[in-house]
Structures are given as structure tokens and as C-alpha cells.
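J.: Below is the sequence, then the predicted model.
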Amino acid sequence: MNENNKIIELEDIVKNYQIGTVIVRALRSVSLIINKNEYVAIMGPSGSGKSTLMNLIGCLDTPTSGKYFLNGVDVSKMEDDRLAEIRNKEIGFVFQTFNLLPRYTALENVTLPLIYAGVPKIEREQLAIETLTQVGLADRMHHKPNELSGGQRQRVAIARALVNKPSLILADEPTGNLDSKTSVDIMNLLDNIHKKGNTIVLVTHEEDIAKHAARIVRLLDGQIFSDMQNEKYTGV
């Protein structure tokens, strides 16, 4: 395997939480490699460890033990400030609840990662306009979240995730708050984003959402239960 092709490499990741006097073993020696341009779904029932794994992959948390290399850089022992820099540069997040700022327009919401990255104002507005156009919202960029439908809000969130040109798109239950028709539209958009060369890790408990991915990793009791190519995958 080409070492330069790995974007995510987890080695014997353990994550324990202490709740009172009880130690909860959320992840038990998880090892996983995801290559650039892959489309991977992480599945598992409630309590399987998938949310914990997503938080670790997204640099929102660090492991109790084990190593996590993101683009060849060991991020498993980084301090919070450095992790925040890595998150903003390397990872685009798409959440079930959209996480948009209500007083900001779609355009202003999408420029936020660029502000943190220190991109000049004219350039960041241009990038945000291009990205909103890419997700089909050129005519809604001056609307605030409460003036948009659920599907349009998720498109804004996807544009915000893409605008920094991150190494990885991390989508956590991206259709969880959407009706079935809108869910199809959003998954088609993610499919197209993957076809343009983006790496996507999708966390879901829904089989019909996971089937969009080329590879499905299933967790059970904090361990990888199966890791298989999706035989029904029809994408690139």
C-alpha cells in the first residue's frame, strides 16, 4: 500500500471514559486505514462507539492510548489549540443539526472557516460564492437559516465544509433531520462531491444512507465488527 495515499491511520486506538467510579470502554483497540478519495460509511448501533470514533477522526477528542495519523501527522497527543488548527485546515464537518449561526446569512456562514484561516475578505467572499454555487444555492446566499428549508440549510453546511478545500469531509448523520426526498438530494450532492476527488467519511445508522459509500465499516461494542467493500456501490 502506498504510504502517501493514507489520509487516516488509526493504530490500536483505545478510548475510555470515567463516569463516577465506572470506566466505560468506548473503543477497544481499533485499527483502521482510510485512503485519499475513499468514500467510507461507519455504522453501528447506539453505544457501539461510532460517535466516539467520529470525534477522534475529527480531532474533537484524543485517544486514551494508541496513535492517530492524519495525512501522516500524529495528532493523537496534540494540545487543543493545535487540534483546532488541524480541524480548520484538514477537516470539513457536516452535522445532523446543521450548526449554522442564525444571525448570519448563508454567505457569512460559509466564510467562517476562511476567517479562522486568515484568508483576506475579498478572496473569502469569492470562495464562498463559488462553493455555494457548487451546491446549488447561488440564489439563496443572502438568506438567513430561518429563511431556508432543511435541505437548503444542509447545503449551506456542506458548502461551509468544502470552502477550505479540506483533506476530509466528515458527515455525521447528515440526513437525520431531513425528509426522505430531501435526504436523497443531499446524498446525491455528497456523491458528486466524492466524484470530484474528495475523501468522505459518513457516520450513520441507516442502511440506505450507508449504501452510498464504497466501503462500510461496522462497529460493535467498541470494536470493528466488519470492514467490507459495498457490493452495491455504483459510484466512481
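T.: Nice, I can see it.
J.: And for the lengthiest helix in the chain, what's in contact with it?
T.: Looking across the chain with DSSP state H, the single longest helix is helix 180-195. Helix 180-195 has contacts (CB atoms under 8 Å, 6 or more residues apart in numbering) with 37, 39, 135-136, 149-151, 154-155, 158, 162, 169, 171, 174-175, 178, 200, 202, 209, 212, 235-236. (Glycine included, C-beta is placed from N, CA and C.)
J.: Looking at these, which are in helices?
T.: Using DSSP H, these in helices are Gly150, Gly151, Gln154, Arg155, Ile158, Leu162, Ile209.
J.: Out of those, grab the one that's most surrounded.
T.: Highest neighbour count within the ones in helices among the contacts of helix 180-195: Gln154, with 30 neighbours (other CB atoms under 10 Å).
J.: now it, nearest residue through space, not along the chain?
T.: In space, and not counting its chain neighbours, Gln154 is closest to Ile186: 5.3 Å by CB to CB, 6 or more residues apart in numbering.
J.: Please work out how many residues are found near that neighbour.
T.: 22.
J.: Quick check: the gap between it and Val14.
T.: 34 Å (CB to CB, to the nearest Å).
J.: can you check Glu173 too?
T.: Taken as CB to CB, the span from Glu173 to Val14 is 25 Å.
J.: ok, now His142?
T.: 47 Å.
J.: between the two, who's got more neighbours?
T.: Val14 (15 against 10).
J.: Can you tell me the element the more buried one falls in?
T.: Per DSSP states H and E, Val14 falls inside strand 6-19.
J.: Quick one: name whatever helix or strand follows that strand.
T.: Immediately after strand 6-19, counting by DSSP H and E, sits strand 22-35.
J.: Strand partners (parallel or antiparallel) of that following strand?
T.: Under the criterion DSSP bridges, strand 22-35 sits next to strand 6-19 (antiparallel) in its sheet.
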